[in-house]
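**Student:** using only what follows, build the 3D model:
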Amino acid sequence: MKERGLIFSAPMVRALLAGTKTQTRRPVGPPIRVTGPNPPGLFDCYRASGPGQGWYGAVRLDGRGSGTVLCPYGVHGSRLWVREEWSHNPDAGANCDDHRCGIQGHIRYRASEDLATVDTFAGSARWRPSIYMPRWASRITLELTDVRLQQLQEISEEDARAEGVTLQGGPCDHPDRPVNHRAAVQVLWESINGKRAPWSDNPWVWALTFRVVA
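**Tutor:** Got it, this is the predicted structure:
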């Protein structure tokens, strides 16, 4: 089965490791392009399949057809590997590089660094963006247990807790502290997706539920 890489910020990686994050939401980005029994075109999506199936109906924006949109992250049972900010450990020696290493002990992860020493370490080794993490360097593997298509503001307080956000500290520590976890998710969402898919637009999102398997 194909494994897909998924980027997580350092606070969310720490939530994964702590077991407090079991869901994530990723924008669909309307309009979407799908193929189906009718000619392909631009579609808007709607809930049509059962829980966890990973495919949903879509209706053509000009009203002349319908089709199917597949979740790009997989279906129930699919696996995702976590991409996070990382670096080679300078103590590993010259034999550790991007192409040959693959030794977990030779990798350092920014999410696990003592925040007081991160900048000191960065002076001797370059932190690498999450997008450039190769599969062999990833330390966390997730298995999808549910896939849903929903509009962002439909998130419940229970699901917001499963997003791993906190009401104080972490990514949501700011003067206007959220009054509940749903509000905290809004703060986190705006910090990541505010420009392309703001909360106020109530965009369609893939709601992914998972468990950590490695």
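**Student:** alpha carbons only for contacts and neighbour counts from here, please
**Tutor:** Fine.
**Student:** do me a favour and get the end-to-end distance for stretch 197-214?
**Tutor:** Stretch 197-214 stretches 31 Å from its first residue to its last (Cα to Cα, to the nearest Å).
**Student:** residues in contact with that stretch: which ones?
**Tutor:** Stretch 197-214 is contacted from outside by 16, 22-30, 45, 71, 139-153, 186, 189-190, using Cα atoms under 8 Å, 6 or more residues apart in numbering.
**Student:** report the buried members of the residues you listed.
**Tutor:** Buried members of the contacts of stretch 197-214, scored by 16 or more other Cα atoms under 10 Å, are 16, 22-28, 45, 71, 140-153, 186, 189-190.
**Student:** before we move on, back to that, among the contacts of stretch 197-214, which are located in helices?
**Tutor:** In helices, judged by DSSP state H, the following of the contacts of stretch 197-214 are found: Leu16, Gln186, Trp189, Glu190.
**Student:** export those to CSV and tack on distance to Ala197 and pLDDT?
**Tutor:** Formatted as CSV, the ones in helices among the contacts of stretch 197-214 follow (distance: Cα to Cα, whole Å; pLDDT from 0 to 100):
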residue, distance to Ala197, pLDDT
Leu16, 24, 96
Gln186, 12, 92
Trp189, 9, 94
Glu190, 8, 93
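**Student:** burial measure for Ser9, as a count.
**Tutor:** 17 (other Cα atoms under 10 Å).
**Student:** touching, it and Glu84? I think so.
**Tutor:** Yes - shown here, Ser9 and Glu84 form a contact pair, counting by Cα atoms under 8 Å, at 6.5 Å.
**Student:** and the residue lying closest to Thr141 once chain neighbours are set aside, what element?
**Tutor:** If the residues on either side of it in the chain are set aside, Thr141 comes closest to Trp81, at 4.5 Å by Cα to Cα, 6 or more residues apart in numbering. For Trp81, the host element (DSSP states H and E) is strand 79-83.
**Student:** next structured bit after that strand?
**Tutor:** Next element after strand 79-83 (DSSP H and E): strand 86-88.
**Student:** continuing past that following strand, what's the next helix or strand?
**Tutor:** Trace forward from strand 86-88 with DSSP H and E and the next one is strand 107-109.
**Student:** that following strand pairs with which strands?
**Tutor:** Here strand 107-109 is paired, per DSSP bridges, with strand 86-88 (antiparallel).
**Student:** I'd like the mean pLDDT over the strand it pairs with, please.
**Tutor:** Mean pLDDT, strand 86-88: 84.
**Student:** for this protein, which strand is longest?
**Tutor:** For the chain, the longest strand by residue count, based on DSSP state E, is strand 141-151.
**Student:** how much does it deviate in direction from strand 79-83?
**Tutor:** Compare the direction of strand 141-151 with that of strand 79-83 by axes from the mean of the first three to the mean of the last three Cα atoms, to 10 degrees and you get 100 degrees.
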